[in-house]
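Novice: Below: sequence and its predicted model.
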Amino acid sequence: GMFEYLASPLPLGAAIKVAAPAAEPASAGEGDSIDRTAKLYIGGKQVRPDGNYAYPVLGRKGRLAGEAGLGNRKDIRDAVAAARGCKAWPDATAFNRSQVLYFLAENLSGRADEFAARIADLTGVSGRAARAEVDLSVERLFLYAGLADKFEGRAHQPPMRAVTLALHEPVGVVGVVAPDDAPLLGLVSLAAPLLAMGNTVVAVPSERHALVATDLYQVIEYSDFPAGALNIVTGRAAELCTVLARHDDVDGLWVVADAATCAKAEAESIGNLKRVWTSGGRTLDWQAAAAAGEAFLRRAVEVKNVWVPYGD
């Protein structure tokens with residue numbers, strides 16, 4: 001209907017700058033930690049990228065924080081296939097989906113200090129700001145867990161002897177391209193409403209701070225998500241966004257990125273007419289109340305009208 005032509009009152013901010021390619025680290029990692037390359041998360045498993053390449057993820061002052069897998073078109077294809085093959089999530093009752101999201105929120109809360117330290121190390125924000133981002137991410141998960149079985153359809157009375165039932169159904173497989181700012185909160189705020197409504201998700205997390213997302217899938221692994229419900233492919237966000245836009249088996253695409261990436265996502269999706277929702281190249285105030293709720297839930301569903309005629 002006309003809803004697709006309306007603009008949501010999102011808390012938009014300044015324009016997003018094009019991400020610069022990762023530079024060489026100014027210094028090696030410190031401490032006694034072992035260097036590790038985080039894998040991708042596809043089909044409920046940690047898998048190596050198809051090309052066996054990785055890229056450096058830098059922390060504050062250019063220090064090497066770790067390496068993330070450099071996903072490519074084949075990895076996106078595998079992730080989409082896993083998402084499409086996951087029938088347990090869309091077929092689950094809304095109540096059961098809410099319980100899984102509650103469980104994820106509880107498990108993330110249990111590792112809040114660890115995630116706050118990771119965010120502070122990668123982004124350079126204060127420890128208090130990093131902890132606030134983690135706490136709000138947990139709050140968002142609780143919010144959408146509570147709304148999973150409450151954002152329902154409606155019954156309409158048309159000008160005829162009939163009743164029309166407007167049913168909410170999941171869009172299907174939806175791609176998500178998350179922003180660099182608020183690497184945890186941005187990803188959670190985009191993926192959680194889609195999952196709450198029964199969609200399966202292929203997420204491209206923050207390119208610069210990808211290790212936050214790879215830490216998150218360790219929590220997802222023991223939070224009762226069925227394999228393929230949420231897939232995470234790290235790499236060059238602009239390139240992976242184009243692959244998602246062109247993929248004929250992706251039903252929707254949400255993009256929060258620079259203007260060029262958003263415009264290309266819309267242009268490349270013309271051939272398959274998928275539903276694309278972008279920020280228009282601008283940032284979002286993820287801490288604002290308007291960055292959650294009905295505006296996201298409504299775009300996470302399709303409305304199917306069932307006409308039920310009746311006699312005198």
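Specialist: Sure, I can see it. Everything quoted here is computed from the prediction, not taken from an experiment.
Novice: Only C-alpha atoms, please: export the lengthiest helix in the chain in PDB.
Specialist: Assignment by DSSP state H gives helix 127-147 as the longest helix of the chain. Provided in PDB are the C-alpha atoms of helix 127-147 (Å, rounded to 0.1, in the frame of the first residue of the first chain):
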ATOM      1  CA  GLY A 127      34.500   2.900  29.400                       C
ATOM      2  CA  ARG A 128      31.300   4.500  30.600                       C
ATOM      3  CA  ALA A 129      30.100   5.200  27.100                       C
ATOM      4  CA  ALA A 130      31.000   1.700  26.000                       C
ATOM      5  CA  ARG A 131      29.100   0.200  28.900                       C
ATOM      6  CA  ALA A 132      26.100   2.400  28.100                       C
ATOM      7  CA  GLU A 133      26.100   1.000  24.600                       C
ATOM      8  CA  VAL A 134      26.100  -2.600  25.800                       C
ATOM      9  CA  ASP A 135      23.400  -1.900  28.300                       C
ATOM     10  CA  LEU A 136      21.200  -0.300  25.700                       C
ATOM     11  CA  SER A 137      21.800  -3.200  23.300                       C
ATOM     12  CA  VAL A 138      20.600  -5.600  26.000                       C
ATOM     13  CA  GLU A 139      17.600  -3.300  26.600                       C
ATOM     14  CA  ARG A 140      16.800  -3.400  22.800                       C
ATOM     15  CA  LEU A 141      16.800  -7.100  22.800                       C
ATOM     16  CA  PHE A 142      14.400  -7.200  25.800                       C
ATOM     17  CA  LEU A 143      12.200  -4.700  24.000                       C
ATOM     18  CA  TYR A 144      11.900  -6.700  20.800                       C
ATOM     19  CA  ALA A 145      11.600 -10.000  22.800                       C
ATOM     20  CA  GLY A 146       8.600  -8.400  24.500                       C
ATOM     21  CA  LEU A 147       7.100  -7.200  21.200                       C
END
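Novice: Please name the residues that touch the residue nearest to residue 209 when sequence neighbours are not counted.
Specialist: The shortest distance from residue 209 to any non-neighbouring residue, by C-beta to C-beta, 6 or more residues apart in numbering, is to residue 183 (3.9 Å). Backbone N, C-alpha and C define where each C-beta goes, glycine included. Residue 183 makes contact with 119, 122, 123, 205, 206, 208, 209, 210, 212, 213 under the criterion C-beta atoms under 8 Å, 6 or more residues apart in numbering.
Novice: mind redoing it with 7 Å?
Specialist: Applying C-beta atoms under 7 Å, 6 or more residues apart in numbering, one finds that residue 183 lies in contact with 119, 205, 206, 209, 212.
Novice: For it, give its distance to residue 226.
Specialist: 25 Å (C-beta to C-beta, to the nearest Å).
Novice: so the most centrally placed residue in the chain is in which element?
Specialist: Nearest to the mean C-alpha position of the chain, by C-alpha atoms, centre = their mean, lies residue 191 at 3.3 Å. Assessed by DSSP states H and E, residue 191 sits inside helix 183-196.
Novice: pLDDT of that helix, averaged?
Specialist: Average pLDDT, helix 183-196: 97.
Novice: Now do that helix against helix 127-147, angle only.
Specialist: Here the directions of helix 183-196 and helix 127-147 differ by 0 degrees (axes from the mean of the first three to the mean of the last three C-alpha atoms, to 10 degrees).
Novice: Look up how far residue 216 lies from residue 10.
Specialist: Residue 10 is 23 Å from residue 216, where distance means C-beta to C-beta.
Novice: who's more crowded, the two?
Specialist: Ranked by neighbour count (other C-beta atoms under 10 Å), residue 10 and residue 216 place residue 216 first, with 26 against 18.
Novice: what distance separates the host helix or strand of the more buried one from the centre of its chain?
Specialist: Per DSSP H and E: residue 216 is located in helix 210-221. Helix 210-221 sits 12 Å away from the centroid of its parent chain (C-alpha atoms, centre = their mean, to the nearest Å).
Novice: likewise stretch 70-78?
Specialist: That offset, for stretch 70-78, works out to 16 Å (C-alpha atoms, centre = their mean).
Novice: what's it in contact with?
Specialist: For stretch 70-78, contacts defined as C-beta under 7 Å, 6+ apart pick out 40, 42, 49-51, 53-55, 202, 233-235, 240, 243-244, 247.
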